[in-house]
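Asks: Generate coordinates for the sequence data below:
(chains A and B)
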Protein chains: 2
Amino acid sequence: MSKVTADISISLDGLVAGANPSLEQPLGEGGEQLHEWVLGLEAWRRVHGLEGGDTTASSELVEESLASTGAYLMGRKMFSGGEGPWEDDPNAGGWWGEDLPFVGPVFVLTHHPREPLTSKGKTMTFVTDGLDAALAQAREAAGKKDVAVAGGADVIQQVLAAGELDELQVNVAPVLLGDGTRLFDGAAPQALELVRVVDAPGITHLKYRVAR
Amino acid sequence: MSKVTADISISLDGLVAGANPSLEQPLGEGGEQLHEWVLGLEAWRRVHGLEGGDTTASSELVEESLASTGAYLMGRKMFSGGEGPWEDDPNAGGWWGEDLPFVGPVFVLTHHPREPLTSKGKTMTFVTDGLDAALAQAREAAGKKDVAVAGGADVIQQVLAAGELDELQVNVAPVLLGDGTRLFDGAAPQALELVRVVDAPGITHLKYRVAR
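Replies: Residues are numbered from 1 along each chain as shown, chains lettered A, B, ... in the order given. Sure, this is the predicted structure:
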């Protein structure tokens, strides 16, 4: 059964990015600390076209996600960063590079029409008619596999608020960022079901099932 | 070596209390869900003068805290709730009852002078000359044992900001409250060291060492 999942790293104070994010520093001040746990993993490096790397208790979770994901839903800021007239810039989103680090097609929720990006058989499609339409396209592309909501926080919040999120894994980094972008900001009150806790080097993985 | 510790339950969205706390509902809307994990524990019930109860993976942590705590530091709101001219009310803080559920003396940080409360050999002392003075009194009372910062969030934030917190255990409840009082609100950016993860029924205990 296909699920809609989200998997995102946060600071202990609940932030997915530090203060003052910019094109140069898309994760804001200190935000890179949230992702240190994954950068050295062999599983992550392989998807990013890199050799070598470590295997930790996190590796199995990354492999599991890669194996179960059929398509991605992504917010516009995560595609091209910050605010600005990015739609006039043919290089917007260029940081994703030619080797797109995804195991399925990506659907970017945006207000700005744009031709799909294709690189080495992988595609990023821009959907301008709203969350429901983007999710429907991602679901169709995913088939029996899952739709992974790749972030950022605002898209995860939208999917959660729409009652469309099945599973949420938060990876809690042992750091306080103090200020930045919250994963949860005015979410509707609700109980979740804790599914799994994995205590891995540099990160704590907490996976919850969301009632629908 | 005596430590200053804090141990507090939060929602997955980082709140220690829900919206609209009041004297009648001091934990705000939905806030009682943060503490459900502890109410049925034999260890907790014993300290509150109640019989029976369960033993779970959380019990060892509660016992550990009871054994290591020599004194408490508490905020004024946690003593008597909300805003208001409580200092004119001889019954303020009355919810703590006659069987004070503490294993050592309590020092309440407040702006309002008040005579100590004593009940069955246990005391609550009101300190009006600031955090440093209150911590010093609590440390002296604790001796070789620890000072537990009992909350609320504002006092934990003050102790953390003052660089006086040694250990922080957050107990993450599987619930989103949406709005309320944040445990961390504009904390100074800093790295922590994860000491222990305990996956217990209804709660996830994450214990961190704070660099001083």
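Asks: CA atoms for contacts and neighbours, from now on please.
Replies: Noted.
Asks: Test my guess that A:Leu15 contacts A:Leu183.
Replies: Yes: with contacts counted by C-alpha atoms under 8 Å, A:Leu15 reaches A:Leu183, the gap being 5.7 Å.
Asks: and those two? which has more neighbours close in?
Replies: A:Leu15 (28 against 25; other C-alpha atoms under 10 Å in any protein chain shown).
Asks: what bridges to the more buried one?
Replies: Using DSSP bridges, the beta-bridge partners of A:Leu15 come out as A:Arg182.
Asks: for it, what are its contacts?
Replies: Counting by C-alpha atoms under 8 Å, 6 or more residues apart in numbering or on different chains, A:Leu15 makes contact with A:Leu177, A:Asp179, A:Gly180, A:Thr181, A:Arg182, A:Leu183.
Asks: 6 Å instead, please
Replies: Counting by C-alpha atoms under 6 Å, 6 or more residues apart in numbering or on different chains, A:Leu15 makes contact with A:Thr181, A:Arg182, A:Leu183.
Asks: for A:Gly40, same thing?
Replies: Residues near A:Gly40 by C-alpha under 6 Å, 6+ apart: A:Gly53, A:Asp54.
Asks: rerun at 10 Å
Replies: For A:Gly40, the contacting residues are A:Gly52, A:Gly53, A:Asp54, A:Thr55, A:Thr56, by C-alpha atoms under 10 Å, 6 or more residues apart in numbering or on different chains.
Asks: Which PyMOL command selects the buried ones in these?
Replies: In PyMOL, selecting the buried portion of the contacts of A:Gly40, with burial taken from 16 or more other C-alpha atoms under 10 Å in any protein chain shown, looks like this:
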select buried, chain A and resi 56
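Asks: Make CSV out of the contacts of A:Gly40 and add secondary structure.
Replies: Output for the contacts of A:Gly40, formatted as CSV (DSSP: H, G, I helix; E, B strand; the rest coil):
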residue, secondary structure
A:Gly52, coil
A:Gly53, coil
A:Asp54, strand
A:Thr55, coil
A:Thr56, coil
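Asks: Would you format the contacts of A:Gly40 as a markdown table with pLDDT and distance to chain B included?
Replies: Below are the contacts of A:Gly40 laid out as a markdown table (pLDDT from 0 to 100; distance: C-alpha to the nearest C-alpha, whole Å):
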| residue | pLDDT | distance to chain B |
| --- | --- | --- |
| A:Gly52 | 97 | 27 |
| A:Gly53 | 97 | 23 |
| A:Asp54 | 96 | 20 |
| A:Thr55 | 97 | 20 |
| A:Thr56 | 97 | 16 |
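Asks: Dihedrals phi and psi, A:Val108?
Replies: As for A:Val108, its main-chain torsions (degrees, to the nearest 10) stand at phi -100, psi 120.
Asks: Oops, could you answer that again for A:Lys122 instead?
Replies: According to degrees, to the nearest 10, A:Lys122 has phi -110, psi 150.
Asks: any shared contact partners between A:Leu15 and A:Leu183?
Replies: Jointly contacting A:Leu15 and A:Leu183 under the rule C-alpha under 10 Å, 6+ apart are A:Ser9, A:Ala153, B:Asp13.
Asks: who wins for most neighbours among those residues?
Replies: Counting neighbours by other C-alpha under 10 Å, B:Asp13 comes out on top of the shared contacts of A:Leu15 and A:Leu183 with 27 neighbours.
Asks: where does chain A dip in pLDDT?
Replies: For chain A, the stretches with pLDDT under 70 are A:82-90, A:212.
Asks: ranges for the helices of it?
Replies: Ranges of helices in chain A, per DSSP state H, are A:36-39, A:42-47, A:59-68, A:76-80, A:131-142, A:153-161.
Asks: Nearest to chain B, out of those helices?
Replies: Closest approach to chain B among those is made by helix A:153-161 (11.2 Å; C-alpha to the nearest C-alpha).
Asks: Point to the residue nearest the middle of chain A.
Replies: Nearest to the geometric centre of chain A sits A:Ala150, at 2.3 Å (C-alpha atoms, centre = their mean).
Asks: Test my guess that A:Thr56 contacts A:Leu41.
Replies: Yes: between A:Thr56 and A:Leu41 there is a contact under C-alpha atoms under 10 Å: 7.4 Å.
Asks: neighbours around A:Pro201, how many?
Replies: Count around A:Pro201 with other C-alpha under 10 Å applied: 13.
Asks: cool, A:Trp95 as well?
Replies: Burial measure for A:Trp95: 12 neighbouring residues, criterion other C-alpha under 10 Å.
Asks: again with the one 3 residues further on
Replies: A:Glu98: 12 surrounding residues under other C-alpha under 10 Å.
Asks: what sits against it?
Replies: Contacts of A:Glu98 (C-alpha under 10 Å, 6+ apart): A:Leu117, A:Thr118, A:Ser119, A:Lys120, A:Lys122.
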